[in-house]
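S.K.: sequence plus predicted model, see below.
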Amino acid sequence: MGKIKLISVAAASVFALNACDIGGGKVACSNENGIQVLRSLVGEEIEKSLKNQGLFDLANIRASIAALPMSFEEIRTSKEDPNSTKVFCQATFRITPSVETVKDAETVLKIRGNADSLENFLDSYAFKKSKQSANGFEGTLLYNLQPSDDKKVIFAEIEANQDNVIQAPTQLLALAMSKKQAQEEEAEAQRLQQEEEQAAREAQEAEWQRQAELAAAQEKEAEARVAQAKSLAKLSDDKLNLVWNGLDKEVRQEILPLQRAWLKERENKCKAESLSEADKNEQTVRFHQCYARMTGERTQFLSN
């Protein structure tokens, strides 16, 4: 066997492997060297995708990819071209993350609310729970292999429509690597929420205090209005009594029935006016205002 050498081919996601001579015109989809090239290619694609997110350092990315078991099973030939040495292949691409990786990924999913489980999350990338392993997930990968003309190099290429298949392990690792950041974000969000709740409580307490002070001030104002209205009513009574007592005895005797009728009228009318107010204090104010007004009018009448 020759030394393994990976060569990136521009704009094609193609890698090559220096290997022993390949017999025959074509290479099998399950060729061991071809699968090694494919595995390296998938790893490179995952690395590229994670780097593009700009969230993780390269060393952490590569360590995470290296720690993720990947296998290609149930390999079969999907198509052959009689005029070309290229073979088109299909394989079950299985990843088997560690219990810790799964736990970390699910922790981030729970924090960010992306999905209710890792299984459902990966299902959106066409990756299903594997029946072969407890922590395994798998999807179908389409790729092609082709030997070089001298039969010493194998080229591997992932088909262009396989983004989801690459994104499944990519997003799994991105979740797991984001655990610390997600927990810090959650802690910060909780801190901000607590601050907002505290601010809301303080604002509510301040509002309650303001309302209490306002109610107390309004109560005092109402008491002052009641006292003023009662004072005006008493003053008007005093003036009426002064005028009444200044009348001749014979006149007082003559109009006494009318005066008594007027007193009843004043009582009933002012009571009716006061009931137009809902507030008890305002009822009292309205009653004594009416009382003072009618008494003043009566005083004026008797003075003439």
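M.R.: Thanks, I have the structure now. A quick note: this is a predicted structure, and the numbers were derived from the prediction, not measured.

S.K.: local confidence estimate at the residue lying farthest from the centre of the chain?
M.R.: In the chain, counting by C-alpha atoms, centre = their mean, residue 250 sits farthest out from the average C-alpha position, at 89.5 Å. Each residue has a pLDDT score; the one for residue 250 is 93.

S.K.: check the nearest residue to residue 114 once chain neighbours are set aside and give its pLDDT.
M.R.: Sequence neighbours aside, residue 121 is the residue nearest to residue 114 in space, at 6.1 Å (criterion: C-beta to C-beta, 6 or more residues apart in numbering). Where C-beta positions appear, they are placed from N, C-alpha and C, glycine not excepted. Among the per-residue scores, residue 121 holds a pLDDT of 93.

S.K.: run through the neighbouring helices and strands of the host helix or strand of residue 121.
M.R.: Assigned by DSSP states H and E, residue 121 falls within helix 118-123. Secondary structure elements in contact with helix 118-123, counted by 3 or more C-beta pairs under 8 Å, 6 or more residues apart in numbering; DSSP states H and E, are helix 99-112, helix 163-177.

S.K.: which helices and strands sit right next to whatever helix or strand residue 211 lives in?
M.R.: Assigned by DSSP H and E, residue 211 belongs to helix 179-246. For helix 179-246, the elements it packs on are helix 99-112, helix 280-303, judged by 3+ C-beta pairs under 8 Å, 6+ apart.

S.K.: adding mean neighbour count and mean pLDDT, write those out as JSON lines.
M.R.: Formatted as JSON lines, these follow (neighbours: other C-beta atoms under 10 Å; pLDDT from 0 to 100):
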{"stretch": "helix 99-112", "mean neighbour count": "17", "mean pLDDT": "94"}
{"stretch": "helix 280-303", "mean neighbour count": "18", "mean pLDDT": "95"}
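
S.K.: turn those helices into TSV, including distance to residue 66.
M.R.: Putting the helices and strands packed on helix 179-246 into TSV (distance: least, C-beta to C-beta, whole Å) gives the following:
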stretch	distance to residue 66
helix 99-112	12
helix 280-303	82
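
S.K.: so which of those helices gets nearest residue 254?
M.R.: helix 280-303 (12.3 Å; C-beta to C-beta).

S.K.: report the angle between the closest one and helix 179-246.
M.R.: Going by axes from the mean of the first three to the mean of the last three C-alpha atoms, to 10 degrees, helix 280-303 is angled at 20 degrees with respect to helix 179-246.

S.K.: please compute how far helix 280-303 lies from its chain's middle.
M.R.: Using C-alpha atoms, centre = their mean, to the nearest Å, we find the averaged C-alpha position of helix 280-303 to lie 63 Å away from the chain's own average C-alpha position.

S.K.: got the CA coordinates for it in PDB?
M.R.: Once non-C-alpha atoms are left out, helix 280-303 reads as follows in PDB (Å, rounded to 0.1, in the frame of the first residue of the first chain):
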ATOM      1  CA  LYS A 280     -70.500  59.700  49.600                       C
ATOM      2  CA  ASN A 281     -68.300  62.700  50.200                       C
ATOM      3  CA  GLU A 282     -69.600  64.400  47.100                       C
ATOM      4  CA  GLN A 283     -73.200  63.700  48.100                       C
ATOM      5  CA  THR A 284     -72.500  65.500  51.400                       C
ATOM      6  CA  VAL A 285     -70.900  68.500  49.600                       C
ATOM      7  CA  ARG A 286     -73.700  68.700  47.100                       C
ATOM      8  CA  PHE A 287     -76.300  68.500  49.900                       C
ATOM      9  CA  HIS A 288     -74.800  71.400  51.900                       C
ATOM     10  CA  GLN A 289     -74.100  73.500  48.800                       C
ATOM     11  CA  CYS A 290     -77.800  73.200  47.900                       C
ATOM     12  CA  TYR A 291     -78.700  73.900  51.500                       C
ATOM     13  CA  ALA A 292     -76.500  77.100  51.500                       C
ATOM     14  CA  ARG A 293     -77.900  78.200  48.100                       C
ATOM     15  CA  MET A 294     -81.600  77.700  49.000                       C
ATOM     16  CA  THR A 295     -81.100  79.200  52.500                       C
ATOM     17  CA  GLY A 296     -79.400  82.300  50.900                       C
ATOM     18  CA  GLU A 297     -82.300  82.600  48.500                       C
ATOM     19  CA  ARG A 298     -84.800  82.400  51.400                       C
ATOM     20  CA  THR A 299     -82.900  84.900  53.400                       C
ATOM     21  CA  GLN A 300     -83.000  87.300  50.400                       C
ATOM     22  CA  PHE A 301     -86.700  86.700  50.000                       C
ATOM     23  CA  LEU A 302     -87.500  87.400  53.700                       C
ATOM     24  CA  SER A 303     -85.300  90.500  53.700                       C
END
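
S.K.: what's it packed up against?
M.R.: helix 179-246, helix 249-274.

S.K.: Serialize those to CSV and add fields for distance to residue 35.
M.R.: Listed next are the helices and strands packed on helix 280-303 as CSV, based on distance: least, C-beta to C-beta, whole Å:
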stretch, distance to residue 35
helix 179-246, 31
helix 249-274, 99
